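> Pasting the sequence and the predicted coordinates here, then a few questions.
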Amino acid sequence: MASFNTLDDLGDVTGKVALVRVDLNLPMKDGSATDVTRVEAVKPTILELAEKGAKVILLAHFGRPGGKRSSALSTSFVQGDVEKVLGKEIMFIPEVSGPVAEQAIGILGPGDIGLMDNVRFWPGEEANDPAFAKGIAALGDFYVNDAFSAAHRAHASTEGLAHLLPAYAGRAMEKELTALDAALGNPETPVAAVVGGAKVSTKLAVLENLVGKVQHLIIGGGMANTFLAAKGVDVGKSLCEHDLTETANKIMDEADHAGCTVHLPYDVVVAKEFAANPPSLRTCNVHEVAADEMILDVGPLAVEALGDVLKTCRTLVWNGPMGAFEIVPFDAATVALARTAAALTQEGSLVSVAGGGDTVAALAHAGVTEDVTYISTAGGAFLEWMEGKELPGVSALSK
């Protein structure tokens, strides 16, 4: 991975204006945030810059206003939540450039914090318009990007500004990039990847990139059914993309050539209906699935074998659950494998990096959030990184 400047590379910033891109796109209910994880993530960067005497100006988007002002999508709605997490008052600034913004920043003293309105109120943001980016850059002395979750977008506040001002990665961004580099950029081998979820179609690029990079590819969730069907297994009523069997075979061939072992379940948990603890629940060999049954989880023998695979590996990348983990007992495989990965991580024999919405929820459900090396909460950016794509917001930061 290209090297990038971090907050450690900053000189004296007293009285200087730091333009800091953060992710404050919080889930809201009745006017306040239901989850402030994203604010917690950027808190260290904001407070460190404030303590060093910079004027910290936060840039963020909120929802999708499509380049027009919308009173319902102003970042002023999250101001109170941000203040609570930071334990500091912040000034709301209704513009992102021009005299009003300039005047507001002029009022702030060293160590003070300002929050600009939603950068997406202006069409120049998503268009990455150079003139719009210049207008914002004119207000600041340096730029800090601490929003990895928006790094796959080449917008003015995520990419454009990095070319106009001295650019640095914030602490959350630095942590994310270091973890991702350890997982796929420059990992200790052997590397295993767990890829689960409902559909192969949404993870095609991920699978194609991974077969050339990892030694073990563990496929779970509804995706595994498509691969089993491609091998001639009758998967009954299971969720399966039969039109993609040729693609699945192609991926397995590529894996063969690359020396990557693809692991599919050989025992599975099936039921006739998708409900909690259904009476028709049973565990069987994949070749014994009846026409009216559906595969809803990976079986215990396969999970034990997969645990043994992880014991031989040094690095694990995880995206997507093994089964329909939202409903008991179809969470068993995901929970068991997650706990094995967590135990190996705690022993120091495995570096484990996980990401994606379902994955975060599944690992929390297994109670191992604190025990894996790193969990990325960035959905789209994490997936694009797993696909091997350049992330514009990241490449703009490289020295």
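Everything's here; your move. Numbers count the residues shown, from 1 in each chain.

> Sort out which residues of stretch 345-360 are buried, please.
Using 16 or more other CB atoms under 10 Å as the test for burial, stretch 345-360 gives T345, L350, V351, S352, V353, A354, G355, G356, D358, T359, V360. C-beta here means a position set from N, CA and C on the backbone, and glycine is covered the same way.

> Please tabulate the residues you listed in JSON lines and include secondary structure and distance to T373 as additional columns.
Converted to JSON lines, the buried residues of stretch 345-360 look like this (DSSP: H, G, I helix; E, B strand; the rest coil; distance: CB to CB, whole Å):
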{"residue": "T345", "secondary structure": "helix", "distance to T373": "6"}
{"residue": "L350", "secondary structure": "coil", "distance to T373": "8"}
{"residue": "V351", "secondary structure": "strand", "distance to T373": "5"}
{"residue": "S352", "secondary structure": "strand", "distance to T373": "5"}
{"residue": "V353", "secondary structure": "strand", "distance to T373": "6"}
{"residue": "A354", "secondary structure": "strand", "distance to T373": "9"}
{"residue": "G355", "secondary structure": "strand", "distance to T373": "12"}
{"residue": "G356", "secondary structure": "coil", "distance to T373": "16"}
{"residue": "D358", "secondary structure": "helix", "distance to T373": "19"}
{"residue": "T359", "secondary structure": "helix", "distance to T373": "14"}
{"residue": "V360", "secondary structure": "helix", "distance to T373": "14"}
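
> Put together CSV for those residues, with pLDDT and distance to T334 on each row.
CSV is the format used below for the buried residues of stretch 345-360 (pLDDT from 0 to 100; distance: CB to CB, whole Å):
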residue, pLDDT, distance to T334
T345, 97, 16
L350, 97, 17
V351, 96, 20
S352, 97, 14
V353, 95, 17
A354, 94, 11
G355, 92, 15
G356, 82, 13
D358, 86, 10
T359, 90, 9
V360, 89, 12
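
> helices or strands next to the lowest-mean-pLDDT helix or strand in the chain in the packing?
Across the helices and strands of the chain, mean confidence by mean pLDDT, DSSP states H and E is lowest for helix 379-386: a mean of 86. Judged by 3 or more CB pairs under 8 Å, 6 or more residues apart in numbering; DSSP states H and E, the packing partners of helix 379-386 are helix 204-210, strand 315-319, strand 351-355.

> Starting from the last one, tell me which strands it pairs with and how they run.
Strand pairing for strand 351-355, determined by DSSP bridges: strand 315-319 (parallel), strand 374-376 (parallel).

> how far out from the middle of the chain is stretch 381-399?
Centroid separation between stretch 381-399 and its chain, computed with CA atoms, centre = their mean, to the nearest Å, is 12 Å.

> residues near K231, how many?
The number of residues packed near K231 is 12, by other CB atoms under 10 Å.

> I figured A324 hits T334, correct?
No. Taking contacts as CB atoms under 8 Å, A324 lies outside contact range of T334: 9.3 Å.

> Between the two, which has more neighbouring residues?
Neighbour count, other CB under 10 Å: between A324 and T334, T334 has more, with 29 against 22.

> quick one: pLDDT of the more buried one?
Note on T334: pLDDT of 96.

> Can you give me the domain assignment for this structure?
The chain breaks down by automatic domain parsing into domains covering 7-170, 187-386.

> Please identify which of the ones you listed is closest to L397.
For the domains of the chain, the distance to L397 is smallest for domain 7-170, at 5.3 Å, taking CB to CB.

> hang on, the earlier thing: and which of the buried residues of stretch 345-360 is nearest to R282?
Lowest distance from R282 to those (CB to CB) belongs to D358, with 25.5 Å.

> V200: how many residues sit nearby?
V200 has 27 nearby residues by other CB under 10 Å.

> Which residues are in contact with it?
Shown in contact with V200 (CB atoms under 8 Å, 6 or more residues apart in numbering): L207, M223, T226, F227, E241, L244, T247, A248.

> same thing but at 6 Å, please
Neighbouring residues of V200 by CB atoms under 6 Å, 6 or more residues apart in numbering: M223, T226, E241, L244.

> Buried ones among those residues?
The neighbour count (16+ other CB under 10 Å) marks M223, T226, E241, L244 as buried among those.

> Which two of those residues have the greatest separation?
Maximum pairwise distance among those (CB to CB): 9.4 Å, between M223 and L244.

> Endpoint to endpoint, stretch 253-271 covers what distance?
Stretch 253-271 has an end-to-end distance of 31 Å (CA to CA, to the nearest Å).

> Run through who's touching it.
By CB under 6 Å, 6+ apart, stretch 253-271 touches 211-212, 214-219, 224, 227-228, 252, 278, 280-281, 283, 285-286, 289, 293, 295-299, 301-302.

> Buried residues, it. List them.
Buried residues in stretch 253-271, counting neighbours by 16+ other CB under 10 Å, are found at A255, C260, V262, H263, L264, P265, D267, V268, V269, V270, A271.

> I'd assumed the first one was in a strand, is it?
So the one you mean is A255. No. A255 is assigned helix when assessed by DSSP: H, G, I helix; E, B strand; the rest coil, not a strand.

> Noted, bye for now.
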